[in-house]
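Q: coordinates for the following, if possible.
(one chain, ligands or ions: 1)
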Amino acid sequence: MEEKHITMNKTQTLVINCGSSSLKFALMPNDGGTDPILSGLAECLGDAESSITYKTAEGKKQESLNGGDHAVALGALISYIGERGWLESVTAVGHRVVHGGEKFHASVLIDDKVLAAIEECSPLAPLHNPANLLGIRVAREKLPSLPQVAVFDTAFHQTMPKEAYLYAVPMAYYRDYGVRRYGFHGTSHRYVSEQAVEMLKLDPKNHGVIVAHLGNGASATAIRNGESVDTTMGLTPLEGLVMGTRSGDVDPGVLFYLADRTKMSISDLDNMLNRKSGLLGVSELSNDCRTLEEAASNNHEGAKIALDLFAHRLARLIGGLAMSLDRVDALVFTGGIGENSVLVRQMAADRLKPLGIALDPEANKKYVRGLSGVISGATGPKVMAIATNEELMIARDTAAIAEASRR
Ligand code: ADP
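A: Just a heads-up that it's a prediction; the model follows:
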C-alpha cells in the first residue's frame, strides 16, 4: 500500500534496455530524483528458464516467464506496473540504443523514419541494434499512447573531430562501409562529465575533463567544454582499454599471424578477442576485478600482471586523451571498477604523475559504493569518483523530448 501512496501523484519515465535475450528496465521519477521506484531484469528470454526480477524499496521478487520472449517480458512488466496503480503516472518510454552511426547526434523521438534509420545502423552493431529495435517495437505495440525516445551510446561522441574518429585506412572504407571510430558508453560519459563540471564548479564553456568508465566494458573519453573530443573505443567496443574479457588495443598483425599459425577462423578470432581476453585472458583466473584483487593480495601472479596491464593501458590512454584538451581540470572514475576499486584508482594515478595527478589515500578509500567525491590531494588536476546513472540520463532526455513533443 505504501508503494502506491508514494508514487501515485508523481510522473515517471520507463527506461528500457534490450539485449538479445534480456530486458533491463527502470521506472525513473520525472522530478529529478536519482533512484528508480522500480528496476529489474528479464533474462534468458526465449529459453525455458526465462524469468523476470523486480526490485523495489520492498525488496526483490522473481517470477518465471515460462519460456516467454521480449513481448511476454514487457507484458509482464506492464501488468506489474499496472497492478500497483503506477501505469497512469508513466509519461514516456526511453530506449537505450547502442549504435546510432553518424545519423544520430542526440536522443530523438521515435517514429517510423527513426526506426528505419536505427535499422540501417544494425550492420555496425549486429548483436545489439536488432535487440534494441525489438524492444522499441514491442513497447510501441504495448504502450501505443506513450511517446518513445531513443538514446544512443554513440551520440555523445559525434562531436569528435575527423583526426580523432578516422582510421588511417583507405578512405573508401569510411565512405562505403562507415569504417571509423564511433565510441560507446556515451550516455555515461555525458552524465558523469556533467556531474563533475557541476560538483567542481567548472566553467561549462571552458573546461577539460577525462572520464574513465571502468566496468566489464571500459572506455575513457576526453571532454572539452561539454563535448567529446576523443574516446578510446572505436568502430566496435573492442578498441582501447583492457576490459573484463575484451583485449582492447592489439596490433592487428596479431590476427594475421595467429590465423596463419593456428588456422583460427574470423569468428574464432572475434570470440578470442571479445570473450577470452582482457583481465580473464591475462589472469587465466577471472574477468572480475574483485576476484583479481583478492587473488593478487594472495600473490597470484596472473592476477597481478592482469591488474598491472589494466592500469598501465589505462594510464597510457588517459595520457593520450589529455592531448585533445587545452588542460586537464579533472579526471573522473566511474563504472563498477572506477566507483569501487581503491586499488585500481591508485595504480592508475601512480602512473599518471606526468599529468600532475596525485590521490589523497584517505579520500580514495572513502568514495566507494556509490559515494561521489574528490579523491585527489591538494595539487594537480582534481580526481573524482562519481557514480554513473545511465538510466537517469536516458530518463531525463526522454522526459524532455516527450514534453517538447506535446507542445
Ligand atoms: P557492466 O559493464 O557489466 O555494467 P559494472 O559497471 O557493474 O559492469 O562493473 C563490473 C566490474 O566492477 C567487475 O569487474 C567487478 O569486479 C567490479 N567491481 C565491483 N565492485 C568492486 C569492488 N568493490 N572492488 C573492485 N572491483 C569491483
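Q: helix or strand for the residue of the chain most remote from its centre, which one?
A: In the chain, the residue that sits farthest from the middle, by C-alpha atoms, centre = their mean, is residue 261; the gap is 35.6 Å. Per DSSP states H and E: residue 261 is located in helix 253-262.
Q: check for me that residue 271 belongs to a helix.
A: Yes: according to DSSP: H, G, I helix; E, B strand; the rest coil, residue 271 belongs to a helix.
Q: now the residue in the stretch 101-250 of the chain that the ligand sits nearest to: closest residue in space that isn't a chain neighbour?
A: Proximity of the stretch 101-250 of the chain to the ligand (C-beta to the nearest ligand atom) peaks at residue 215, 2.6 Å away. Yep, even glycine has a C-beta here, placed from its N, CA and C like the rest. Distances taken as C-beta to C-beta, 6 or more residues apart in numbering place residue 335 nearest to residue 215, at 3.6 Å, with adjacent residues excluded.
Q: which residues of the stretch 51-200 of the chain score low on pLDDT?
A: Within the stretch 51-200 of the chain, no range satisfies pLDDT under 70.
Q: neighbours of whatever residue of the chain ends up closest to the ligand, how many?
A: Among residues of the chain, the one nearest the ligand by C-beta to the nearest ligand atom turns out to be residue 336. It sits 2.1 Å away. Residue 336 is flanked by 17 other residues according to other C-beta atoms under 10 Å.
Q: now do the helices in the stretch 201-350 of the chain.
A: In the stretch 201-350 of the chain, the segments counted as helices under DSSP state H, counting those that start in this stretch are 253-262, 266-275, 278-283, 289-297, 301-322, 335-340, 342-350.
Q: and the pLDDT for residue 323?
A: Per-residue pLDDT puts residue 323 at 98.
Q: next, residue 389: phi, psi?
A: phi -150, psi 80 (degrees, to the nearest 10).
Q: quick one, what contacts it?
A: Counting by C-beta atoms under 8 Å, 6 or more residues apart in numbering, residue 389 makes contact with 34, 191.
Q: where's it relative to residue 334, distance?
A: Separation of residue 389 from residue 334 (C-beta to C-beta, to the nearest Å): 9 Å.
Q: cool, and residue 49?
A: 33 Å.
Q: and stretch 156-176, end to end?
A: 23 Å (C-alpha to C-alpha, to the nearest Å).
Q: actually, stretch 315-333.
A: 12 Å.
Q: quick one: that stretch near the ligand?
A: No: under the criterion of C-beta under 6 Å from any ligand atom, stretch 315-333 makes no contact with the ligand; the nearest approach is 11.2 Å.
Q: flag every residue of the stretch 251-400 of the chain that's near the ligand.
A: Residues of the stretch 251-400 of the chain lying near the ligand (C-beta under 6 Å from any ligand atom): 288-290, 293, 335-337, 340-341.
Q: now these as TSV including pLDDT?
A: Below are those laid out as TSV (pLDDT from 0 to 100):
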residue	pLDDT
288	97
289	98
290	98
293	98
335	97
336	97
337	98
340	98
341	98
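Q: what is the nearest of the residues you listed to residue 187?
A: Distances from residue 187 to those, taken as C-beta to C-beta, are shortest for residue 335 (12.3 Å).
Q: from residue 370, how far out is the closest one?
A: For residue 335 relative to residue 370 (C-beta to C-beta), the value is 12 Å.
Q: so between those two, which is more surrounded?
A: Counted by other C-beta under 10 Å, residue 335 and residue 370 do not tie: residue 335 has more neighbours, with 22 against 13.
Q: distance of the more buried one from residue 231?
A: From residue 335 across to residue 231, the span is 14 Å (C-beta to C-beta).
Q: before we move on, the earlier item: looking at residue 49 and residue 334 now, which is surrounded by more residues?
A: Neighbour totals were compared for residue 49 and residue 334, and residue 334 leads with 27 against 10 (other C-beta under 10 Å).
Q: quick check, pLDDT for the residue lying closest to that one once chain neighbours are set aside.
A: Residue nearest to residue 334 in three dimensions, not counting chain neighbours: residue 388, with 4.4 Å by C-beta to C-beta, 6+ apart. Note for residue 388: predicted pLDDT of 97.
Q: same deal with the one 4 residues further on?
A: For residue 392, the pLDDT comes out at 96.
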